[in-house]
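Visitor: sequence and predicted model, in that order:
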Amino acid sequence: MLTVLRNLDWSILTNMLINAIPALACITVHEFSHGLAAYYLGDPTAKRMGRLSLNPIKHIDVLGLIMLIVCRFGWAKPVPVNMRYFKNPKAGMALTALAGPLSNIIFSAVCFLIYGFAYAFLYTSSAGDIILSLIYATAYINISLALFNIIPIPPLDGSKILFSLMPDDKYMLLMRYERYGMILLLFIIYTGISGSYLSNAVGFVVDRMFMLAEWTFSIALKFV
């Protein structure tokens, strides 16, 4: 038994853990932001159902979390929204949907700012490497989650933003059949049709946002 444990590739488990913790943080912020936006727009549904919370357990979709850890593209359990509470239902749904990806981009920017400053002090130690890996993974997964969710396929956020531009009759028809979009979404993920495009898009955004880390790193060097 001890021999088996010694022969295990612990780096795989470490990498999964480094992805799991940021993934939980990212989906929590994402769904909380949906609920908060809906609440400020007049919909108390998320709050009544206990989803206006920063408790990760309330937002976990097991399959979506596994996808986020393994592939860095995934989803959480959708926050319930009742568009009848909005003064302008279509606009309210679009703003509520947009709040999720936008919060992830902001969260990612904060992570890169912290990463650059922390790197100047932590890169020489093994414990520091783990902390830096967690910060970087959080920034990366935030961007992945944001870009994945703006794909205009139901039930992702991008579909609600796109649908809001349609006439009312077509909008209600599409919303009625929204749940069937998950079948199409899983097919796309399984076949990898959009995988390379999404990966390239994430890489492009990460490269541009990494300039924030470079900026705070240059500031941190003055204190080292």
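Guide: Good, I have the coordinates.

Visitor: and the residue nearest the centre of this structure?
Guide: Centroid check for the chain by C-alpha atoms, centre = their mean gives Leu145 as the closest residue, at 3.1 Å.

Visitor: element containing that one?
Guide: In this assignment (DSSP states H and E), Leu145 forms part of helix 126-149.

Visitor: now that helix, how far from the centre of its chain.
Guide: Taking C-alpha atoms, centre = their mean, to the nearest Å, the mean C-alpha location of helix 126-149 is offset from the chain mean by 11 Å.

Visitor: can you point out the buried residues in that helix?
Guide: Neighbour counts over helix 126-149 (16 or more other C-beta atoms under 10 Å) mark 132-149 as buried. Where you see a C-beta, it was placed from the backbone N, CA and C, and this is true even at glycine.

Visitor: now for it, which elements pack on it?
Guide: Helices and strands touching helix 126-149, by 3 or more C-beta pairs under 8 Å, 6 or more residues apart in numbering; DSSP states H and E, are helix 10-40, helix 62-70, helix 89-122, helix 195-220.

Visitor: can you rerun that using 6 Å?
Guide: Contacting helix 126-149 under the criterion 3 or more C-beta pairs under 6 Å, 6 or more residues apart in numbering; DSSP states H and E are the following elements: helix 10-40, helix 89-122, helix 195-220.

Visitor: tell me what the helix or strand just after that helix is packed against?
Guide: Going down the chain from helix 126-149, the next helix or strand is helix 157-163, by DSSP H and E. If you count contacts as 3+ C-beta pairs under 6 Å, 6+ apart, helix 157-163 packs onto helix 89-122.

Visitor: rerun at 10 Å
Guide: Taking 3 or more C-beta pairs under 10 Å, 6 or more residues apart in numbering; DSSP states H and E as contact, the helices and strands that helix 157-163 lies on are helix 89-122, helix 126-149, helix 168-176.

Visitor: now distance to Gly158 and mean pLDDT too, for those helices, in JSON lines please.
Guide: Formatted as JSON lines, the entries for those read as follows, by distance: least, C-beta to C-beta, whole Å; pLDDT from 0 to 100:
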{"stretch": "helix 89-122", "distance to Gly158": "8", "mean pLDDT": "96"}
{"stretch": "helix 126-149", "distance to Gly158": "7", "mean pLDDT": "92"}
{"stretch": "helix 168-176", "distance to Gly158": "13", "mean pLDDT": "69"}
